[in-house]
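Q: what follows is a protein structure lacking sequence information:
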(Lines give C-alpha, C1' and ligand atoms only; values in the text may rest on other atoms or scores of the structure.)
Protein backbone atom coordinates (compact mmCIF):
# COMPACT_ATOMS: atom_id res chain seq x y z
CA UNK A 1 0.00 0.00 0.00
CA UNK A 2 1.34 3.40 -0.91
CA UNK A 3 0.23 6.57 0.80
CA UNK A 4 -1.44 9.34 -1.18
CA UNK A 5 0.39 12.65 -1.47
CA UNK A 6 -0.04 14.96 1.51
CA UNK A 7 -0.37 12.21 4.15
CA UNK A 8 1.92 11.34 7.04
CA UNK A 9 3.26 7.79 6.88
CA UNK A 10 3.99 5.61 9.91
CA UNK A 11 5.49 2.16 9.42
CA UNK A 12 6.26 -0.03 12.41
CA UNK A 13 7.44 -3.62 12.32
CA UNK A 14 8.62 -6.20 14.85
CA UNK A 15 9.77 -9.80 14.71
CA UNK A 16 7.41 -11.80 16.93
CA UNK A 17 9.32 -15.07 16.82
CA UNK A 18 9.60 -18.11 14.63
CA UNK A 19 7.51 -20.94 13.26
CA UNK A 20 3.99 -21.81 12.21
CA UNK A 21 2.75 -21.93 15.82
CA UNK A 22 3.86 -18.34 16.41
CA UNK A 23 2.20 -17.30 13.15
CA UNK A 24 -1.05 -19.01 14.19
CA UNK A 25 -0.96 -17.16 17.54
CA UNK A 26 -0.32 -13.88 15.74
CA UNK A 27 -3.26 -14.44 13.38
CA UNK A 28 -5.53 -15.17 16.36
CA UNK A 29 -4.26 -12.06 18.12
CA UNK A 30 -5.21 -9.92 15.11
CA UNK A 31 -8.61 -11.59 14.83
CA UNK A 32 -9.27 -10.63 18.47
CA UNK A 33 -7.91 -7.08 18.17
CA UNK A 34 -5.13 -7.78 20.69
CA UNK A 35 -2.92 -5.13 19.03
CA UNK A 36 -5.19 -2.60 20.80
CA UNK A 37 -4.61 -3.98 24.31
CA UNK A 38 -3.17 -0.92 25.98
CA UNK A 39 -4.35 1.03 29.00
CA UNK A 40 -5.18 4.23 27.12
CA UNK A 41 -7.28 2.78 24.28
CA UNK A 42 -10.57 0.87 24.13
CA UNK A 43 -12.13 -0.70 21.07
CA UNK A 44 -15.78 -1.60 20.56
CA UNK A 45 -17.14 -4.00 19.80
CA UNK A 46 -14.26 -5.98 21.32
CA UNK A 47 -14.87 -8.92 18.99
CA UNK A 48 -15.72 -7.10 15.75
CA UNK A 49 -15.38 -9.61 12.90
CA UNK A 50 -12.41 -9.19 10.61
CA UNK A 51 -14.32 -8.74 7.38
CA UNK A 52 -14.74 -5.99 4.83
CA UNK A 53 -17.36 -3.52 6.07
CA UNK A 54 -16.99 -4.19 9.81
CA UNK A 55 -16.84 -1.01 11.88
CA UNK A 56 -15.09 -0.33 15.17
CA UNK A 57 -15.17 2.60 17.55
CA UNK A 58 -11.89 3.47 19.23
CA UNK A 59 -11.85 5.53 22.41
CA UNK A 60 -8.51 7.21 23.08
CA UNK A 61 -7.81 8.68 26.51
CA UNK A 62 -5.14 11.36 26.46
CA UNK A 63 -4.18 14.43 28.41
CA UNK A 64 -7.25 14.31 30.66
CA UNK A 65 -9.90 13.85 27.98
CA UNK A 66 -11.14 11.22 25.53
CA UNK A 67 -11.87 11.14 21.83
CA UNK A 68 -14.04 8.63 19.98
CA UNK A 69 -13.06 7.66 16.45
CA UNK A 70 -14.81 5.25 14.10
CA UNK A 71 -13.24 3.24 11.29
CA UNK A 72 -14.41 0.61 8.80
CA UNK A 73 -12.45 -2.38 7.48
CA UNK A 74 -11.79 -1.72 3.78
CA UNK A 75 -9.97 -4.95 2.91
CA UNK A 76 -8.75 -8.23 4.37
CA UNK A 77 -5.46 -9.95 3.51
CA UNK A 78 -5.04 -13.74 3.32
CA UNK A 79 -2.01 -14.80 1.32
CA UNK A 80 -0.46 -18.25 1.05
CA UNK A 81 2.63 -19.35 -0.79
CA UNK A 82 6.26 -18.25 -0.49
CA UNK A 83 5.11 -15.92 2.26
CA UNK A 84 1.98 -16.33 4.36
CA UNK A 85 0.24 -13.16 5.39
CA UNK A 86 -2.96 -12.33 7.26
CA UNK A 87 -4.31 -8.92 8.11
CA UNK A 88 -6.65 -6.13 7.27
CA UNK A 89 -6.83 -2.38 6.85
CA UNK A 90 -9.40 0.05 8.08
CA UNK A 91 -10.20 3.50 6.86
CA UNK A 92 -11.38 6.38 8.98
CA UNK A 93 -15.01 7.45 8.72
CA UNK A 94 -16.39 11.02 8.82
CA UNK A 95 -16.14 12.36 12.35
CA UNK A 96 -12.75 10.69 12.96
CA UNK A 97 -10.16 13.31 13.98
CA UNK A 98 -7.80 11.98 11.30
CA UNK A 99 -8.31 10.96 7.68
CA UNK A 100 -6.50 7.89 6.41
CA UNK A 101 -5.97 4.14 6.64
CA UNK A 102 -4.18 1.75 8.95
CA UNK A 103 -3.07 -1.77 7.97
CA UNK A 104 -2.42 -4.49 10.56
CA UNK A 105 -0.77 -7.66 9.27
CA UNK A 106 1.28 -10.65 10.34
CA UNK A 107 3.65 -12.53 8.06
CA UNK A 108 5.32 -15.93 8.12
CA UNK A 109 8.47 -16.34 6.03
CA UNK A 110 9.19 -20.08 5.58
CA UNK A 111 12.67 -19.41 4.18
CA UNK A 112 13.99 -18.21 7.56
CA UNK A 113 11.00 -19.34 9.69
CA UNK A 114 10.42 -15.76 10.92
CA UNK A 115 7.11 -14.23 11.97
CA UNK A 116 6.56 -10.47 11.78
CA UNK A 117 3.90 -7.98 12.82
CA UNK A 118 3.62 -5.04 10.45
CA UNK A 119 1.68 -1.83 11.12
CA UNK A 120 1.43 0.65 8.26
CA UNK A 121 -0.61 3.83 8.38
CA UNK A 122 -1.12 7.01 6.45
CA UNK A 123 -3.09 9.92 7.80
CA UNK A 124 -3.61 13.64 7.91
CA UNK A 125 -5.56 15.81 10.35
CA UNK A 126 -9.26 16.14 9.56
CA UNK A 127 -10.74 17.75 12.67
CA UNK A 128 -9.81 21.32 13.59
CA UNK A 129 -8.50 20.15 16.99
CA UNK A 130 -6.21 17.64 15.27
CA UNK A 131 -4.88 20.44 13.06
CA UNK A 132 -4.40 22.83 15.97
CA UNK A 133 -2.84 20.12 18.10
CA UNK A 134 -0.78 18.61 15.28
CA UNK A 135 2.31 17.86 17.42
CA UNK A 136 0.10 16.12 19.98
CA UNK A 137 -1.67 14.12 17.25
CA UNK A 138 1.66 12.98 15.84
CA UNK A 139 2.89 12.09 19.34
CA UNK A 140 -0.20 9.92 19.91
CA UNK A 141 0.21 8.21 16.54
CA UNK A 142 3.86 7.38 17.31
CA UNK A 143 2.86 6.16 20.78
CA UNK A 144 0.15 3.94 19.30
CA UNK A 145 2.70 2.39 16.93
CA UNK A 146 5.13 1.56 19.74
CA UNK A 147 2.40 0.29 22.08
CA UNK A 148 0.75 -1.80 19.37
CA UNK A 149 4.05 -3.61 18.68
CA UNK A 150 4.40 -4.34 22.40
CA UNK A 151 0.78 -5.53 22.64
CA UNK A 152 1.28 -8.01 19.78
CA UNK A 153 4.55 -9.20 21.28
CA UNK A 154 2.73 -9.87 24.59
CA UNK A 155 -0.19 -11.57 22.85
CA UNK A 156 2.03 -13.99 20.95
CA UNK A 157 4.60 -14.72 23.64
CA UNK A 158 2.34 -15.36 26.65
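A: It's in. As the structure is a prediction and not an experimental result, all values here were calculated from the model.

Q: any idea which element residue 86 lies in?
A: For residue 86, the host element (DSSP states H and E) is strand 84-92.

Q: direction included, what does that strand pair up with?
A: strand 65-79 (antiparallel), strand 98-109 (antiparallel) (DSSP bridges).

Q: any stretches of this protein with poor pLDDT?
A: For the chain, the stretches flagged by pLDDT under 70 are 1, 127, 129-131, 133.

Q: please, where are all the helices along the protein?
A: 20-31, 128-132, 134-156 (DSSP state H).

Q: contacting residues around the last one?
A: Among residues not part of helix 134-156, those counted as contacts by CB atoms under 8 Å, 6 or more residues apart in numbering are 8, 10, 12-14, 16-17, 22, 25-26, 29, 34-38, 40-41, 60, 62-63, 97-98, 104, 106, 115, 117, 119, 121, 123, 125, 130. (Glycine included, C-beta is placed from N, CA and C.)

Q: grab the most central residue of this structure for me.
A: residue 104 (4.4 Å; CA atoms, centre = their mean).
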